[in-house]
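In: any chance you could fold what I've pasted below:
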Amino acid sequence: MPFTLVFSETAKAELERLDAEEAKRYRIVQRMLGYMETNLRHNSLNTHEFKSLKGANGRVPGYRRKEPRDQSRGGA
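Out: Purely as a prediction, here's the structure:
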């Protein structure tokens, strides 16, 4: 069952800021919001408990953001 997300003015402003300043993170957020609209049980929306990281209630998002390789160290 698809959902329609309704954004507050603050959320709209933050999405616009991300789009302008952090394109990569904006795409990740857009993908997650798309999953929320189409399937709230999508695996990418799951959270996992980590001992070393603490989010709300000790849980963090289930996806891992990939960091770009350091080109100065010869990474390809």
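In: from here on, just use CA atoms for contacts and neighbour counts.
Out: Will do.
In: can you map out the strands along this protein?
Out: Assigned by DSSP state E, the strands in the chain fall at 47-49, 59-61.
In: okay, buried residues for the lengthiest helix in the chain please.
Out: For the chain, the longest helix by residue count, based on DSSP state H, is helix 23-38. Buried residues in helix 23-38, counted by 16 or more other Cα atoms under 10 Å: Tyr26, Met32, Leu33, Gly34, Tyr35, Met36.
In: can you list contacts of it?
Out: Applying Cα atoms under 8 Å, 6 or more residues apart in numbering, the contact partners of helix 23-38 are Met1, Pro2, Phe3, Thr4, Leu5, Leu15, Leu18, Asp19, His42, Ser44, Leu45.
In: can I get those in CSV with neighbour count?
Out: Shown next, in CSV, are these (neighbours: other Cα atoms under 10 Å):
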residue, neighbour count
Met1, 6
Pro2, 11
Phe3, 12
Thr4, 10
Leu5, 10
Leu15, 18
Leu18, 16
Asp19, 16
His42, 11
Ser44, 15
Leu45, 16
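In: make CSV from the residues you listed and add pLDDT to it.
Out: Below are these laid out as CSV (pLDDT from 0 to 100):
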residue, pLDDT
Met1, 66
Pro2, 81
Phe3, 81
Thr4, 89
Leu5, 88
Leu15, 93
Leu18, 90
Asp19, 92
His42, 82
Ser44, 79
Leu45, 78
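In: so which of the residues you listed are in helices?
Out: Among the contacts of helix 23-38, the residues falling in helices (DSSP H) are Leu15, Leu18, Asp19.
In: excluding its backbone neighbours, what's nearest the second one?
Out: Looking back up the chat, that one is Leu18. Counting by Cα to Cα, 6 or more residues apart in numbering, Leu18 lies nearest to Tyr26, which is 5.3 Å off, once chain neighbours are set aside.
In: again with the first one
Out: In space, and not counting its chain neighbours, Leu15 is closest to Tyr26: 7.1 Å by Cα to Cα, 6+ apart.
In: look up how far Leu40 lies from the one you found.
Out: 20 Å (Cα to Cα, to the nearest Å).
In: ok, back up a step: out of the ones in helices among the contacts of helix 23-38, who's nearest Glu9?
Out: Taking Cα to Cα as the measure, Glu9 lies nearest Leu15 of the ones in helices among the contacts of helix 23-38, at 9.9 Å.
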